[in-house]
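>>> From the sequence below, what's the structure:
(2 chains)
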Amino acid sequence: MDPDPDAAARVLSAIGEEDYGRLLAALVTRFRDFDLAEEALHDAVLRAVETWSGRGVPERPQAWLMATAKNRAIDLIRSDEARTRHLARLRIEDELRPGDHDDHAERLGEEMDAADLPDERLGLFFTCSHPTLREDERIVLILRFLSGLTTAEVAAGFLIETATMQQRIVRAKQRILKTGIPFGRPAPDELGNRLPGVVRVLYLIFTQGINATAGPEHTRVDLQHEAIRLTRLLVGYLPEQTEARGLLALLLLTRARETARVTPDGRPVPLAEQDRSLWDSRLIAEGTGLVDVAAGEPGAGAFTIQAAIAALHADAARFADTDWKQILVLYRMLSGLDPSPVVALNTAIALGQVSGPEAAMSALDELAHDPQLLRYRPFHIARAITLDELGRTAEAEDAYAAGLECPGNDAESEYITARITDLRR
Amino acid sequence: MKYALLLMGRTQDPDCGEDGGADPEEFMAFDKEISEAGIVVGGFALEGPDLGVRVSGSGGESLVTSGPFAESNEFVGGSYVIDVADIDEAIAWAKKSPAAKAGHIEIRPVADY
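Numbering: from 1, shown residues only, chains lettered A, B, ... in the order given. Predicted coordinates:
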């Protein structure tokens, strides 16, 4: 039976998005099977639409849905031999008691109070970002099962076809099942080793939102929002983990510039030219507060340092007021801790602000053979700006042109083209 | 879950027991530890790839050749099939094995047919 969509919406609004995520995470963890959990919860919602419209919404709708979904999952397992073997391994069937399904669900529902609805979402973070999964699989699993985005929404966020995304999710779920990736939070001594992997996935989701690598728009706000929401959730579970707070600070401080970093018609605005009155002071205050604490802790790592750099930018009322000396110090710390071509590029840019364009130029020249940077637009833009400052206009134009050859979105391309036009004036 | 730990070696590396090669004592100690853990459900140790015999080709024309085989420089030296809770446990055992240092270990879930 197809549910009345309005009734289904009422069911979901009675429990809320947050509880839906908790229910799904609890079922996935319980049955160690994403497909089964989704199907069982979907069926439980359908049953709620039927039952609740007659009898009204039960006192604890979450518990009702949990009990119903759990029973439905067990029924689904019984009708499928492969899944029966799976169930036997989990040894959860003996929790069932004889009796009519609905009565049973109701009784279980009555017995469970809100505290009994276990919150397994932290464990799911670790399952979905397990090191044996591919990076693209980790990203989509987190968005699909912890953000609760639909496959179509995730696909839109990454500008790929829904069918392609569907395949990627199926493959990722298969890998979890067949590889035997564990569910639940890791042991305390393992948790610290695995956390950087989780934090990195959240960072990648955010950067996908901030710097779309293809397509017409320069920013895609939803993915940024989701990354921040998920990072807040993670920090809530693991408040003692410095780098989780460092990442949250970095995301908030970056997000704070969102309105200023693009024009209303979608063109990117470089940091030096941004209208700082548009920066979100509330997000800056929260991000800065987090950084101030995290930066003094022994667990401070690459994300906390990047957040400290972002906080220094946020602290400057005008571009000219930026504390570049301190930023250079932090970039050098970052180079020592987590060296990468992009960090080297940013160090060169900070060096230019402290010591002038000649110093920047020689630092950039040293990077000019790095294959990753040669395909990276900001590298060519930094070269172009520095060459222009040194009066080497023709070379600056070539550098912009080289930037246009690199992958990027249309709004960036227009920005670069406009700079070339400026140079020719 | 059952996993095969495939202990991989490289033909150009020194043999077990040779100068610079893996220490057989370490392998024995590991074998004792993993056996006593009660998780081993199968496995084998193989003679070197130079004693391997290949049978290939289809139909009536099958070809039999003897090792060593110049075209492949990696080989399976042995395997443990273990029954553990999940991939993390399998990885933890692989990390303990001296074979991870001498060559590498490939972990493959055993198909559930």
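
>>> contacting residues around stretch B:39-56?
In this structure, residues lying in contact with stretch B:39-56 by CB atoms under 8 Å, 6 or more residues apart in numbering or on different chains are B:2, B:11, B:15, B:34, B:62-69, B:72, B:75-84, B:93. Using the backbone N, CA and C atoms, a C-beta is placed for each residue, glycine as well.

>>> now do stretch A:128-140
Under the criterion CB under 8 Å, 6+ apart, residues A:141-142, A:145-146, A:154, A:158, A:165, A:168-169, A:171-172, A:175-176, A:179, A:181-182, A:194, A:197-198, A:200-201, A:204-205, A:208, B:87, B:91 lie in contact with stretch A:128-140.

>>> Can you pull the residues of chain B lying near chain A?
Counting by CB under 8 Å from any CB of the partner chain, the residues of chain B lying close to chain A are B:1, B:3, B:85-88, B:90-91, B:109, B:112.

>>> which is the next helix or strand following the helix or strand of chain A with the lowest mean pLDDT?
Ranked by mean pLDDT, DSSP states H and E, the weakest helix or strand in chain A is helix A:101-111, scoring a mean of 54. If you walk from helix A:101-111 toward the C-terminus, the next helix or strand you reach (DSSP states H and E) is helix A:121-128.

>>> which element follows that following helix toward the C-terminus?
Sequence order places helix A:135-145 as the next helix or strand after helix A:121-128, per DSSP H and E.

>>> Quick check: which helices or strands does the next helix or strand after that next one pack against?
Read in the C-terminal direction, the helix or strand following helix A:135-145 is helix A:151-157, with elements assigned using DSSP H and E. Helix A:151-157 sits against helix A:135-145, helix A:162-179, helix A:221-237, with contacts defined as 3 or more CB pairs under 8 Å, 6 or more residues apart in numbering or on different chains; DSSP states H and E.

>>> The residue of chain B positioned farthest from its centre: what secondary structure?
Relative to the average C-alpha location in chain B, and by CA atoms, centre = their mean, no residue lies farther out than B:G60, which sits at 32.2 Å. Under DSSP: H, G, I helix; E, B strand; the rest coil, the three-state class of B:G60 is coil.

>>> Close to chain B: what parts of chain A are there?
Proximity of chain A to chain B is confined to A:82, A:85, A:130, A:132, A:178-182, A:186, A:190 under the rule CB under 8 Å from any CB.

>>> hmm, 10 Å instead?
Applying CB under 10 Å from any CB of the partner chain, we find that chain A lies next to chain B at A:32, A:82, A:85-86, A:89, A:130-132, A:175-184, A:186-187, A:190, A:194.

>>> among those residues, which ones are buried?
Buried members of the residues of chain A next to chain B, scored by 16 or more other CB atoms under 10 Å in any protein chain shown, are A:32, A:86, A:130, A:175-177, A:179-183, A:186, A:194.

>>> Could you work out the most separated pair of those?
Between all members of these, the longest pairwise span (CB to CB) is found for A:H86 and A:R194 and amounts to 24.8 Å.

>>> Now do the nearest residue to A:R171 once chain neighbours are set aside against chain B, distance only.
Residue nearest to A:R171 in three dimensions, not counting chain neighbours: A:E137, with 6.9 Å by CB to CB, 6 or more residues apart in numbering or on different chains. Per CB to the nearest CB, to the nearest Å, A:E137 is found 14 Å from chain B.

>>> for A:V199, same thing?
For A:V199 relative to chain B (CB to the nearest CB), the value is 19 Å.

>>> need the contact list for that residue.
With contact set as CB atoms under 10 Å, 6 or more residues apart in numbering or on different chains, A:V199 has these partners: A:125, A:129, A:231, A:234, A:238, A:241, A:243-244, A:246-248, A:301-303.
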